[in-house]
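Chemist: coords please:
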Amino acid sequence: MKKLLLFISLTFYFFSAYAANTDSVKNKKLHVIPVPVFYYVPETRFAFGAGASFTFKLNHDSATNYSDILGVAAYTQNNQIVLYAPIELYSKNNLYYLDGELGFYKYSYYYWGIGTERVNKELFEIIYPRVILNGYRKLFSNIYAGIDYNFQSDKFIQYDASGVLINGEVTGSKGYSASGAGIDLLYDSRDSIFFPTKGLFIRITSYDYSNIFGSTLNFQKITTDFSWYKKISRSFILAVNQRNQFTFGDVPFDQMGLVGGSKQMRGYYYGYYRDKFLTLLQAEARVHIHGPWGFAVFGASALIGHPGMFPDAPGLILAEGVGLRYNANRKQHINIRGDVGYGNTVEYYLSVEEAF
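Modeler: The predicted structure follows:
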């Protein structure tokens, strides 16, 4: 109970601090929002730092979507370092679209095994840079196709001496470089990229990680992401999201489908379950209360497995929770969200923008 009260108190403080900065630097073409970076997820606990959101239009007309670059530098309660810059860029009339991430992490995670092969929880620490770039061209109305590239190079700097990762028997547990490219298909009819009230978002992504691209392990990854949004009433929006990830080949354990995190299956530590195949469904009811305030109720289910057995035990994985929302940028409706999720344990999340 004390942990919940502390989380709620700090959430309200963060809402106030963020709101105080949303109008600090503005002009007609560029919205710069310097903010104190403060968030909470189970993998980091509390994180503190500095950041800025740059929202702008590459072509200043009503047809072109707003572009957004978010830069974050943070240090966490778990002694982690996060340098993170997600990117979303739209050209004139949204003919070309680029999204991705540039990041560098000194991070620690827990490992519980793969699939049904559960092990005692063990902590490991890694350093890794990450590059994700997806470039699209519009083919028809709301339909895009393009190419993608992904790079991640893990260097392990700490193992649990009594764990299984230190032995190197788990694929990727002695470090690796994954470099892969592939093709993307995208359909996007959302009325907003920050807070959709109607429309569909469908993305199909493929990666081939091979020696040709400089990867030290050879494997393939296919992901699908489907989101549907419906405005039920003036103050009530229903959002539904379905995701799949299928990996094949010599797959590193941290490139598999992972249950948990701040954007899917809230209520589980990120990677509490993992396997080569993952499918999940989540839904969220988003309700406006008054002024900038709103709340959400969400639920999710997932299945994991591998090519030889899907789905595999533990069977259906369930999570649910509630959250508070604060609209910090009313023009673009960029929300700060504080969520409490229940899966295998009660977990707390504080971050910017919706989970999906």
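Chemist: The helix or strand containing Thr205 pairs with which strands?
Modeler: For Thr205, the host element (DSSP states H and E) is strand 199-209. Looking at strand 199-209 with DSSP bridges, its partner strands are strand 176-188 (antiparallel), strand 219-233 (antiparallel).
Chemist: Leaving out sequence neighbours, find the closest residue to Lys92.
Modeler: Leaving out its chain neighbours, the residue that sits closest to Lys92 by CB to CB, 6 or more residues apart in numbering is Asn59, at 3.8 Å. C-beta here means a position set from N, CA and C on the backbone, and glycine is covered the same way.
Chemist: can you pull the contacts of the one you found?
Modeler: Residues near Asn59 by CB atoms under 8 Å, 6 or more residues apart in numbering: Ser91, Lys92, Asn93.
Chemist: ditto for Ile289
Modeler: Residues near Ile289 by CB under 8 Å, 6+ apart: Ser235, Phe295.
Chemist: Where does it sit, in terms of helix or strand?
Modeler: Element membership for Ile289, per DSSP H and E: strand 277-290.
Chemist: Mind giving me the packing neighbours of whichever helix or strand comes after that strand?
Modeler: Later in the chain than strand 277-290, the nearest helix or strand by DSSP H and E is strand 293-305. Using 3 or more CB pairs under 8 Å, 6 or more residues apart in numbering; DSSP states H and E, the elements in contact with strand 293-305 are strand 274-275, strand 277-290, strand 317-329, strand 334-342.
Chemist: Pick out the residue closest to the middle of this structure.
Modeler: Lys263 (5.0 Å; CA atoms, centre = their mean).
Chemist: count of neighbours near Phe104?
Modeler: Residues contacting Phe104 under the criterion other CB atoms under 10 Å number 15.
Chemist: same question, Phe195
Modeler: If we define neighbours as other CB under 10 Å, then Phe195 has 21 of them.
Chemist: list the contacts for the nearest residue to it once chain neighbours are set aside?
Modeler: Spatial nearest neighbour of Phe195, chain neighbours left out: His333 (3.8 Å); criterion: CB to CB, 6+ apart. Listed by CB under 8 Å, 6+ apart, the contact set of His333 reads Ser192, Phe194, Phe195, Asn327.
Chemist: where does the second one land on pLDDT?
Modeler: The model reports Phe194 with a pLDDT of 88.
Chemist: That one touches Arg330, doesn't it?
Modeler: No - when contacts are counted by CB atoms under 8 Å, Phe194 is not listed as touching Arg330 (11.0 Å).
Chemist: Name the residue in the two with the higher neighbour count.
Modeler: Using other CB under 10 Å as the criterion, Phe194 and Arg330 rank with Phe194 on top: 19 against 11.
Chemist: for the more buried one, what are its contacts?
Modeler: Contacts here follow CB under 8 Å, 6+ apart; on that basis Phe194 touches Asp68, Asn329, Gln332, His333, Ile334, Asn335, Glu353, Glu354.
Chemist: Looking at those residues, which is nearest Lys231?
Modeler: When the contacts of Phe194 are ranked by distance to Lys231 (CB to CB), His333 comes first, at 12.8 Å.
Chemist: Which members of the contacts of Asn59 are classed as buried?
Modeler: Buried by 16 or more other CB atoms under 10 Å: Ser91, out of the contacts of Asn59.
Chemist: Would you convert the contacts of Asn59 into CSV that also reports secondary structure?
Modeler: Listed next are the contacts of Asn59 as CSV, based on DSSP: H, G, I helix; E, B strand; the rest coil:
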residue, secondary structure
Ser91, coil
Lys92, helix
Asn93, helix
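Chemist: ok, Lys121 to Tyr272 distance?
Modeler: 9 Å (CB to CB, to the nearest Å).
Chemist: Next: Ile183.
Modeler: According to CB to CB, Ile183 stands 31 Å off from Tyr272.
Chemist: Ala145 belongs to a strand?
Modeler: Yes - the assignment for Ala145 (three-state DSSP) places it in a strand.
Chemist: Would you mind measuring from it to Leu58?
Modeler: Distance, Ala145 to Leu58, by CB to CB: 20 Å.
Chemist: My read is that Phe124 contacts Phe156, right?
Modeler: Yes - counting by CB under 8 Å, Phe124 does reach Phe156; the two are 6.4 Å apart.
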